[in-house]
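Asker: prediction below, plus the sequence it came from.
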Amino acid sequence: MLRDIITPIEGELISVHSLIKKNLTIKTGCLGRYAHLEFSPINKNIRPVLVVLSSRIYGLARTKVTALAGVIQFIYMASTIHQGITENDSEYYRGNIDPKDGSQFPVLVGDYLYGKFFYFLSEADILNLLDPLADIICEIHEGGILRNKLTKQVPPSKALHEVVRKETAELFAGCCSLSALLAGAPQEEQESMRRYGFNLGMAYGLLEQGISREHVSAYLGKAYDSLSRIAAGLERNLMEELILILYRQELPAQRMVI
């Protein structure tokens, strides 16, 4: 269960969620008044969990871990808000729907969250991550554009795999590889961490789309293989457990709440 993975790193995750909560409050109140910020437990935690586990393998300082995990989660939240924006605001302007279901406020909230990650990087003195994170954001936006052209197919089309790669897998890969980079891990281990996160993200994203286990098993196998060059220990064991949880399909039912 996800709780078994969270418990050993609960202290770090509390710090991450406290940072996020603090920055979701502005003078006019909580940003949740202006955009949908309700997420399932898995989508609130899985990206910060990957950052924390990946960094603990190499002994990264807690302040930098908290900042990076907050940045990653804000990128995810902002992209999700933007993906859910409706193109038709007429009902909102007539006062017939909640402002969170229009586009004006959600666009501003999403932009605010994207802007916050610059602040986090600066405060934690990790501005060297700006370029790779900006590249990931571009990939996510490109994935959103591609998604509008999708037609549902079973088995899943190559186009769907490409959308999942851009919208989900690249950010998962960043969770793992950027943590290793900050900690000074050898280049080959940074790449192993990136491959682990990427393949886990592909499986996770496809399962979120309702794709069956038979279509994601190869990605989970690659994620497992990528851990073979990582030092044995609690963190690696927990990362392997994440693979098993996905293989058992214990997470797909815990979809994001919008």
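Answerer: Nice, thanks for sending it over.

Asker: tell me where the model's unsure across the chain.
Answerer: 25-38, 60-61, 82, 84-111, 151-156, 250-258 (pLDDT under 70).

Asker: which residues in it form strands?
Answerer: 25-26, 29-30 (DSSP state E).

Asker: please name the nearest non-neighbouring residue to residue 4.
Answerer: residue 241 (6.9 Å; C-beta to C-beta, 6 or more residues apart in numbering). All C-beta atoms are positioned from the backbone trio N, CA, C, and that covers glycine.

Asker: residue 5 is in contact with the one you found, correct?
Answerer: Yes. Using C-beta atoms under 8 Å, residue 241 is in contact with residue 5, at 5.8 Å.

Asker: okay, those two: which has more neighbours?
Answerer: Set residue 241 next to residue 5 and count neighbours by other C-beta atoms under 10 Å: residue 5 wins out with 18 against 14.

Asker: now do the contacts for that one.
Answerer: 49, 238, 241, 242, 245 (C-beta atoms under 8 Å, 6 or more residues apart in numbering).

Asker: now flag whichever of the residues you listed is closest to residue 213.
Answerer: Nearest to residue 213, judged by C-beta to C-beta, of these is residue 245 at 11.9 Å.

Asker: report the contact partners of residue 235.
Answerer: Residue 235 is in contact with 53, 54, 56, 57, counting by C-beta under 8 Å, 6+ apart.

Asker: which ones among those residues map onto helices?
Answerer: Those of the contacts of residue 235 mapping onto helices are 53, 54, 56, per DSSP state H.

Asker: check the gap between the first one and residue 241 for me.
Answerer: What it means is residue 53. Counting by C-beta to C-beta, to the nearest Å, the gap from residue 53 to residue 241 is 10 Å.
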